[in-house]
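[1] no sequence on this one, just coordinates:
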């Protein structure tokens, strides 16, 4: 099933665009390409700007966003995805999305990197050790989430018969993603900053890697059953409050329990006892992971396919990427 | 002007974040979203407080923020009568959203085949941790479980350290799935109108997280720390007032900064050491201003409280000044807004059953008497004609 077969999409990014803007637009374009759209790119044509993953199924038309070519491409497209810095544009098409770092930005306070957006939104403060530097999530999660926001704005706009323009800002998306921490700050006057070793869900070393020891109070009895020999039944862990008070000791006990187990064993233990432990898999390992293999999540070149099964089939890019320099 | 999804009716079985936030976006975009909870099993977000005093025990902040713009129907799906009512509503709707554990829908007798039998054009969006199929389909997972199992944790962490997950404060896969699922549903709604067929969408949060690491999957990156291939140096540095400063240093800015601190080497390690010393001697705000002055991208790292202070005004979406979740996009000429605050359990039960389900007041009375449908205590005191019960 190719729900957007026949849809023409143009991505427009300038050489001076922030890399994050390019990544966000490229992610939105990649999702639309996965769903059958014919996606053309006007902008820097280099692997550093769009990796092989983002380039899948797209045509690269030109490296410079020249006015004539850009206007022609947008006018003949159904959808245009553009850097907000190029807005407003003299041409239009059925649905357009603009991508900005921060709509409220002025010249003196220009936010120019994804990392700055993560610093502004509070997302950066959440991850890592309290005694060490705040840590970003791996990859380009803020830019890609903004790309998904543009995707939803575009698909909703395509339902309407009228011309529509969607504006996305990375800061608004990052704030939206971090809503729970902001809600907590709002209600309690305290920010849930990074907790390191005192984390409710620590990541613990095991025999051949690491496991995210995720568990809630509801899983406590199951956890006791899964680790019957662990010293978890004493007074110090006998209530949720005491477990929170003794979190560092509890995490140390749990670390001892998993130290000699492999990730495969921890996976089996979690399935058997309905525990939400997360063995940490690398991307290379995921290509042979039974769940991923059974659902054909990776394509022949080892890249992830679209995370959507539509009436039993995963939409796929059918045409090989064609690259044309103009 | 009509919102994009005006005319689309959604039955929302979504709970906590993944499903409920997806439906909330559909509601923001103009869909009529009917949130359906069982009198005996309410959305757990109705019970989770953010730790604040004096919080509304039925409408705590997390619930309010994730369930704006929706109607509320309280319906017991475990009883045959409740299931029949649900299927009546399905016949009059376009979309069903759910994120129960796998197998629950089938046990309730409302799997895709059952829905399609009463509405051949229905769209079922099944949002799950691992997907509808596969050996891990029943694997109990929360957001951070999936960060580990999807490969995100393997690239998140300090260099030479160990993997890190976001934890309960973010549970990243639970958040980001709504941004994708709402778009997939909008695409399906348009397609279903064209093809006059039902559509079952199987959305796995683990797969989405893997997809969002697609860049790194090629390069086999290890733990990335704060570095980025776009910048000569990117990291956080501690200022004299113990605030952290986030810095992205381009190659050009590195030269300028090198001149400022009289460091000639553009080696990342040497630059980091020089920056670390330089920032530590300065107040964070002054350091950021000076760095920006020489073209360095810099920002004081804000915690959630600081972020609330700086962006809070934009989040005060209710007439009483209550904070809302905000919107991840804007649509020109169509302001997105919170037209209806989150509703008490069953506040719209009678309206939904009579208007959408076309049921008579006698039928709704019977459902209320048997406890299949409930309404808030204030509404329960009224007879269908609006007068007080004896």
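    Structure's in. What do you need? This structure is a prediction, so every number in the text was calculated from the model and none was measured.

[2] Where does pLDDT dip in the stretch 201-326 of chain A?
    A:318-326 (pLDDT under 70).

[3] rerun that using 90 as the cut-off
    In the predicted model, the stretch 201-326 of chain A carries pLDDT under 90 at residues A:234, A:316-326.

[4] which parts of it sit against chain B?
    A:201, A:203, A:205, A:210-212, A:214, A:216, A:219, A:270-271, A:274-284, A:286, A:290-292, A:294-295, A:297, A:302-312 (Cβ under 8 Å from any Cβ of the partner chain). Using the backbone N, CA and C atoms, a C-beta is placed for each residue, glycine as well.

[5] Just the buried ones from those residues, in PyMOL syntax?
    Only the buried entries of those go into this PyMOL selection, using 16 or more other Cβ atoms under 10 Å in any protein chain shown:
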select buried, chain A and resi 201+203+210+211+212+214+219+270+275+276+277+278+279+280+281+282+283+286+291+292+295+297+303+304+305+306+307+308+309+310
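
[6] Filter the residues of the stretch 201-326 of chain A next to chain B down to just the ones in helices.
    Judged by DSSP state H, the subset of these located in helices is A:270, A:271, A:283, A:284, A:286, A:290, A:291, A:292, A:294.

[7] Just give me the closest of the residues you listed to residue A:97.
    Taking Cβ to Cβ as the measure, residue A:283 is the one of those closest to residue A:97, at 28.6 Å.

[8] The closest one contacts residue B:213, correct?
    Yes. Here residue A:283 reaches residue B:213: they are 6.5 Å apart, a contact under Cβ atoms under 8 Å.

[9] ok, now which ones touch the residue in chain A sticking out farthest from the centre?
    Most distant from the centre of chain A: residue A:235, at 41.2 Å, with distances by Cα atoms, centre = their mean. Residues near residue A:235 by Cβ atoms under 8 Å, 6 or more residues apart in numbering or on different chains: residue A:242.

[10] Check the gap between it and residue A:243 for me.
    11 Å (Cβ to Cβ, to the nearest Å).

[11] Kindly list the longest helix within the chain.
    In the absence of a named chain, this looks at chain A. helix A:141-159.

[12] could you do chain B instead?
    Max-length helix for chain B by DSSP H is helix B:172-195.

[13] For that one, name the packing helices and strands.
    helix A:141-159, helix A:170-177, helix B:18-28, strand B:95-98, strand B:123-128, helix B:143-149, strand B:199-204, helix B:205-211 (3 or more Cβ pairs under 8 Å, 6 or more residues apart in numbering or on different chains; DSSP states H and E).

[14] which stretch among these comes nearest residue A:252?
    Of all these, helix B:143-149 sits nearest to residue A:252, with 19.5 Å by Cβ to Cβ.

[15] circling back: let me know the average pLDDT across the longest helix of chain A.
    Averaged across helix A:141-159, pLDDT comes to 97.

[16] Can you tell me which helices and strands that helix packs against?
    Counting by 3+ Cβ pairs under 8 Å, 6+ apart, helix A:141-159 packs on helix A:19-34, strand A:79-83, strand A:95-100, helix A:114-121, strand A:164-169, helix A:170-177, helix B:172-195, strand B:330-331.

[17] could you say what helices and strands the fourth one packs with?
    Applying 3+ Cβ pairs under 8 Å, 6+ apart, one finds that helix A:114-121 contacts helix A:19-34, helix A:141-159, helix A:170-177, strand B:244-249, strand B:297-300, helix B:304-315.

[18] now those as CSV including mean neighbour count and distance to residue A:119?
    Shown next, in CSV, are the helices and strands packed on helix A:114-121 (neighbours: other Cβ atoms under 10 Å in any protein chain shown; distance: least, Cβ to Cβ, whole Å):
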stretch, mean neighbour count, distance to residue A:119
helix A:19-34, 27, 13
helix A:141-159, 28, 11
helix A:170-177, 28, 10
strand B:244-249, 26, 4
strand B:297-300, 23, 4
helix B:304-315, 19, 9
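
[19] contacting residues for the most centrally placed residue in chain A?
    The centroid of chain A falls nearest to residue A:141 when counting by Cα atoms, centre = their mean (4.0 Å). Residues near residue A:141 by Cβ under 8 Å, 6+ apart: B:152, B:172, B:176, B:212.

[20] Residue A:1 too?
    A:310, A:311, A:313, A:315.

[21] And the residue of the stretch 151-300 of chain B closest to chain A?
    Closest approach between the stretch 151-300 of chain B and chain A, counting by Cβ to the nearest Cβ: residue B:155, at 3.0 Å.

[22] any idea what sits nearest that residue, other than its immediate chain neighbours?
    Spatially, and ignoring its direct neighbours in sequence, residue B:155 is nearest to residue A:138 (3.0 Å; Cβ to Cβ, 6 or more residues apart in numbering or on different chains).

[23] Could you name every residue contacting both of residue A:283 and residue B:213?
    Contacts common to residue A:283 and residue B:213, judged by Cβ under 8 Å, 6+ apart, are B:151, B:155.

[24] just to revisit the earlier point, out of the helices and strands packed on helix A:141-159, which is closest to residue B:264?
    helix A:114-121 (25.3 Å).

[25] from the middle of its chain, how far away would that closest one be?
    15 Å (Cα atoms, centre = their mean, to the nearest Å).

[26] quick one: buried residues of that helix?
    For helix A:114-121, by 16+ other Cβ under 10 Å, it's A:114, A:115, A:116, A:117, A:118, A:119, A:120, A:121.

[27] List the contacts of residue B:98.
    B:13, B:14, B:19, B:105, B:124, B:125, B:126, B:127.

[28] nearest residue to the third one other than its sequence neighbours?
    For residue B:19, the nearest residue in space outside its immediate sequence neighbours is residue B:99; the separation is 3.3 Å by Cβ to Cβ, 6+ apart.

[29] quick one: pLDDT of residue A:45?
    65.

[30] Low-confidence regions, the stretch 101-250 of chain B specifically.
    B:196, B:215-222, B:229.

[31] ugh, wrong one, I meant the stretch 1-150 of chain A
    Using pLDDT under 90, the stretch 1-150 of chain A drops low at A:1, A:14-17, A:43-52, A:57, A:60-69, A:86-90, A:103-112.

[32] residue of it with the smallest distance to chain B?
    Proximity of the stretch 1-150 of chain A to chain B (Cβ to the nearest Cβ) peaks at residue A:138, 3.0 Å away.

[33] how near is that residue to residue B:163?
    According to Cβ to Cβ, residue A:138 and residue B:163 sit 9 Å apart.

[34] Throw the contacts of residue B:98 into a markdown table and include neighbour count, thanks.
    Formatted as a markdown table, those follow (neighbours: other Cβ atoms under 10 Å in any protein chain shown):
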| residue | neighbour count |
| --- | --- |
| B:13 | 27 |
| B:14 | 31 |
| B:19 | 28 |
| B:105 | 21 |
| B:124 | 26 |
| B:125 | 27 |
| B:126 | 23 |
| B:127 | 28 |
